[in-house]
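K.L.:
Let me see the structure of the following:
(chains A, B, C and D)
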2 protein chains.
Amino acid sequence: MPADPNHACRAWQLLVRFFFLQREHLPAGDAAPGLSPVQCHVLHLIEPGEGMPMGRLAETLACDASNVTGLVDRLEARGLVRRRPSVEDRRVKVLDLTPTGAKVRTRLLTRMTAHPLPLSRLSAAEQRTLVRLLEVMLDDRR
Amino acid sequence: MPADPNHACRAWQLLVRFFFLQREHLPAGDAAPGLSPVQCHVLHLIEPGEGMPMGRLAETLACDASNVTGLVDRLEARGLVRRRPSVEDRRVKVLDLTPTGAKVRTRLLTRMTAHPLPLSRLSAAEQRTLVRLLEVMLDDRR
DNA sequence: TGGATTACTTGACATTGTCAACTATGTCAT
DNA sequence: ATGACATAGTTGACAATGTCAAGTAATCCA
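P.N.:
Down below sits the predicted model:
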């Protein structure tokens, strides 16, 4: 008994609308001057202390590896990210945030979760519930 | 007291991951042959019986009007959508689904909410909760 | 060793997105 | 009415995003 199709349908519509609305609020001109929405998302996927293999990025974005090459080229040209060959497997290139990149990422996260953005309309308890539901959907309980 | 920044941050990360994962599951080759993710989203935003003014579409997608022109051009070329001048305001062009477009849209909605997609992992009650939270975020109680 | 696989890059190309300039229509003050 | 201004959509130029096929370098394994 998977679920009520009507709620699933409505939820999907709302999620899509949320995502496009989010774009409008992306502080490209302020916290991260000149960054596109996708570049913001990539930046936010790279945790400051941890390296992100390019392959894993392609997997997370569900896109072709050659697309990631271009995205990283542009982020590297802005000095936000560095490529570094992996020690264990020299085919793999690992991405690290530069100090500048880490700073921009912090500004981005602050901005995306602050007023009057959609997420700030939820109470702390509601946000916890939302996180739990999304974790179930993404099967990610890390 | 807006909320806990950590939950908001986590929620944002999960929503972004959900959206990119969604792309992978988009049945472009099956239910809607050759349709891009964005074209699928546009199609799903147009309700079968109701017309959608192009301006409202641009607003919903949070993008430039000229972008919508191109999107609609391609959907119209595929015979999924029709432009019709509005009666009240002849500057406005209203979009209608063609019978084919309505059929493809139905297949899309069925596919996006069926197994083993993320949304189907939630119980009916959880889906209701998710819908309620998203409605608060989007301030949309229609 | 050598053949297959994997990670990434390159080049060709379509889609998506922005901006500025344009057309046609609507609105409003006079 | 007329003219000034605003609005909806299109067009053209361009950058970013995305796919695919082919290529290179490194790894794996029989």
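K.L.:
what about chain A, any weak spots by pLDDT?
P.N.:
Along chain A, the model assigns pLDDT under 70 to residues A:1-6, A:25-31, A:113-118, A:139-142.
K.L.:
In it, which residue is most central in space?
P.N.:
A:H41 (3.5 Å; C-alpha atoms, centre = their mean).
K.L.:
in what helix or strand does that one lie?
P.N.:
helix A:37-45 (DSSP states H and E).
K.L.:
any residue of that helix up close to DNA strand C?
P.N.:
No: using C-beta under 7 Å from any atom of the strand, helix A:37-45 stays clear of DNA strand C, coming no nearer than 7.7 Å. Backbone N, C-alpha and C define where each C-beta goes, glycine included.
K.L.:
Where do the helices of chain A begin and end?
P.N.:
Using DSSP state H, the helices of chain A run over A:5-25, A:37-45, A:54-61, A:65-77, A:99-112, A:124-138.
K.L.:
Rebuild these as TSV, extending it with distance to B:P33.
P.N.:
What follows is the helices of chain A, written out as TSV (distance: least, C-beta to C-beta, whole Å):
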stretch	distance to B:P33
helix A:5-25	20
helix A:37-45	26
helix A:54-61	23
helix A:65-77	22
helix A:99-112	36
helix A:124-138	27
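K.L.:
What is the burial count for A:S66?
P.N.:
A:S66 is flanked by 8 other residues according to other C-beta atoms under 10 Å in any protein chain shown.
K.L.:
Same question for A:R78.
P.N.:
Neighbours of A:R78 (other C-beta under 10 Å): 18.
K.L.:
still on that earlier bit, what's the angle between the helix holding A:H41 and helix A:54-61?
P.N.:
Orientation of helix A:37-45 against helix A:54-61 (axes from the mean of the first three to the mean of the last three C-alpha atoms, to 10 degrees) gives an angle of 120 degrees.
K.L.:
Compute the inter-axis angle for helix A:37-45 and helix A:5-25.
P.N.:
100 degrees.
K.L.:
what's the spacing between helix A:37-45 and its chain's center?
P.N.:
Computed by C-alpha atoms, centre = their mean, to the nearest Å, the chain-centroid distance of helix A:37-45 equals 5 Å.
K.L.:
Not counting its own residues, what contacts it?
P.N.:
Residues outside helix A:37-45 that contact it (C-beta atoms under 8 Å, 6 or more residues apart in numbering or on different chains) are A:22-23, A:26, A:28, A:32, A:35, A:52, A:57, A:60-61, A:71-72, A:74-75, A:80-81, A:97, A:101, A:104-105, A:108-109, A:112, B:12-13, B:16, B:20.
K.L.:
Of the residues you listed, just the buried ones, ChimeraX syntax please.
P.N.:
Those of the contacts of helix A:37-45 that count as buried under 16 or more other C-beta atoms under 10 Å in any protein chain shown are selected in ChimeraX with:
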select /A:22,26,28,32,35,52,57,60,61,71,72,75,80,81,97,101,104,105,108,109,112 /B:12,13,16,20
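K.L.:
Go back to the contacts of helix A:37-45 and keep what's next to DNA strand C.
P.N.:
Answer for these near DNA strand C (C-beta under 7 Å from any atom of the strand): A:V72.
K.L.:
Distance check, the residue nearest to the centre of chain A against B:G79.
P.N.:
For A:H41, the distance to B:G79 equals 33 Å [C-beta to C-beta, to the nearest Å].
K.L.:
Equivalent analysis for A:H7, please.
P.N.:
Distance from A:H7 to B:G79, by C-beta to C-beta: 31 Å.
K.L.:
Ok, A:L109 next?
P.N.:
44 Å.
K.L.:
go on, A:E76?
P.N.:
43 Å.
K.L.:
Give me the more crowded residue out of these two.
P.N.:
Taking neighbours as other C-beta under 10 Å, A:E76 and B:G79 compare with A:E76 leading, 15 against 12.
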